[in-house]
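A.B. asks: here is a sequence together with a model predicted from it:
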Amino acid sequence: DVSGVTYRSISAARQSALHYWAPLCATSLLLERFQGANDGLVSVESARWGEYLGTAECDHVDLINFPLKL
């Protein structure tokens, strides 16, 4: 952390692995088993830094706005 810098974070997770972009279903289930709620690639706990603003209902692909979904 750098003094004078405000850090904020947001995480993402879905209620069900069935709602993830297909390639993230397996990683989501694996992460959930060991680290809890996640966005398919990053756990909610790992995403927390500084002032935590909450968890969005989406997966990692949605969060980074990557245009792979149909």
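C.D. replies: Okay, I see it.
A.B. asks: please name the bridge partners of residue 56.
C.D. replies: Residue 56 has these beta-bridge partners by DSSP bridges: residue 12.
A.B. asks: for it, what are its contacts?
C.D. replies: 10, 11, 12, 13, 62, 63 (CB atoms under 8 Å, 6 or more residues apart in numbering). Bear in mind the C-beta positions are built from the backbone N, C-alpha and C, glycine included.
A.B. asks: go on, residue 7?
C.D. replies: Neighbouring residues of residue 7 by CB under 8 Å, 6+ apart: 1, 49, 50, 51.
A.B. asks: tell me which of these fall in strands.
C.D. replies: residue 51 (DSSP state E).
A.B. asks: from the contacts of residue 7, pick the one nearest residue 18.
C.D. replies: residue 49 (29.1 Å; CB to CB).
A.B. asks: next one: that closest one from residue 67, what distance?
C.D. replies: Shown here: residue 49 relative to residue 67, a distance of 27 Å by CB to CB, to the nearest Å.
A.B. asks: show me which of the two is the more surrounded one.
C.D. replies: residue 49 (12 against 5; other CB atoms under 10 Å).
A.B. asks: per-residue pLDDT of that one, please?
C.D. replies: Residue 49 is assigned a pLDDT of 95 by the prediction.
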